[in-house]
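K.L.:
Got a sequence here, can you build the structure:
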Amino acid sequence: MDRLETRELAYFLAVAEELHFGRAAERLGIAQPALSRAVARLERRLGVGLFDRTSRVVALTSAGRMLVEDARHALDAVSAAARRAQRAGAVTPRLVLAIKVGGDAGRLPELLARYQRESGVLPVHVIFEADRPALLRDGRADAALLYDPIDDLRGFDTQPLLTDPPIAVLPAAHPLAARTGISQDELRGETVHRREDGAVGSIDELMHRIALGQLVAVLPRSLTVPLRSDLAAVPVTDVEPVTLVLAWPAYSTSPSVAALARAAESLT
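P.N.:
Predicted structure coming up:
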């Protein structure tokens, strides 16, 4: 079988996401009959049906469901290759590192200092984004600081930087604030914010809301330091620790990414 074309995968994904040929065609900017023919050709080439079609419903077959994720990864990889090639050919090429605000556990300055001791490395441009895995997958970033097991690390190589035990942050006057350890069950009845939740905009805002008694939070210890005097931090005994990692695409061949990984390894 010949290699699949990115256009075929894009057409297939549009139908898979819309589950409606008309809406998918409108989204792609092509005529519906042309889209139907393209999908039918793809099914013939693969020798399997990708969609079950009736007059009212379009549904993915088991083969179609299998292809969805692989097709997304393939299209992301093509986009990523193009973006990285453009960056490499820029007048002033650079390595893009994505982090979340407050998400470096204080390790970033030393990481960059050790990286810059390597010879021939690109300058680092740090960007602050919430969805760092997406930036790595589509090529907008070359490396990122992520949290294992909170972030989706599929397709990435990683180097651990710091393993953080989970801490409950409570108002200082909370009945549990003086404890040396608590369980998740003991937080029942509380409004609990966890590190993977995205509802609070910043750590400062979160800490302010905790101090006001609006909620409590379970966070990696590094995010609780320094702690406000009107708050208390208590270890949570039955939550898995979180590891801060440097992550990069497993297929990366960048010497500068490799140098950054070595710098991260030297910190542990």
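
K.L.:
Tell me the buried residues in the helix or strand bottoming out on mean pLDDT in the chain?
P.N.:
None of the helices or strands of the chain scores lower by mean pLDDT, DSSP states H and E than strand 192-194, at a mean of 83. Within strand 192-194, the residues that qualify as buried are His193, counting by 16 or more other Cβ atoms under 10 Å. (C-beta placed from N, C-alpha, C; glycine too.)

K.L.:
Stretch 95-112 too?
P.N.:
Buried, per 16+ other Cβ under 10 Å, within stretch 95-112: Leu95, Val96, Leu97, Ala98, Ile99, Lys100, Gly103, Asp104, Ala105, Arg107, Leu108, Leu111.

K.L.:
Output those residues as a markdown table; include the columns pLDDT.
P.N.:
Shown next, in a markdown table, are these (pLDDT from 0 to 100):
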| residue | pLDDT |
| --- | --- |
| Leu95 | 95 |
| Val96 | 96 |
| Leu97 | 97 |
| Ala98 | 97 |
| Ile99 | 95 |
| Lys100 | 88 |
| Gly103 | 83 |
| Asp104 | 88 |
| Ala105 | 86 |
| Arg107 | 92 |
| Leu108 | 95 |
| Leu111 | 97 |
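
K.L.:
Can you pick out the ones from the residues you listed that are in strands?
P.N.:
By the criterion of DSSP state E, membership of the buried residues of stretch 95-112 in strands covers Leu95, Val96, Leu97, Ala98, Ile99.

K.L.:
Could you single out the nearest of these to Ala258?
P.N.:
Leu95 (10.7 Å; Cβ to Cβ).

K.L.:
The closest one and Ile127 touch, don't they?
P.N.:
No. Leu95 lies out of contact with Ile127 (Cβ atoms under 8 Å); the separation is 11.1 Å.

K.L.:
Would you state the strands of the stretch 101-250 of the chain in chain order?
P.N.:
Ranges of strands within the stretch 101-250 of the chain are 124-128, 143-148, 156-164, 166-171, 192-194, 216-220, 231-235, 242-249, based on DSSP state E, counting those that start in this stretch.
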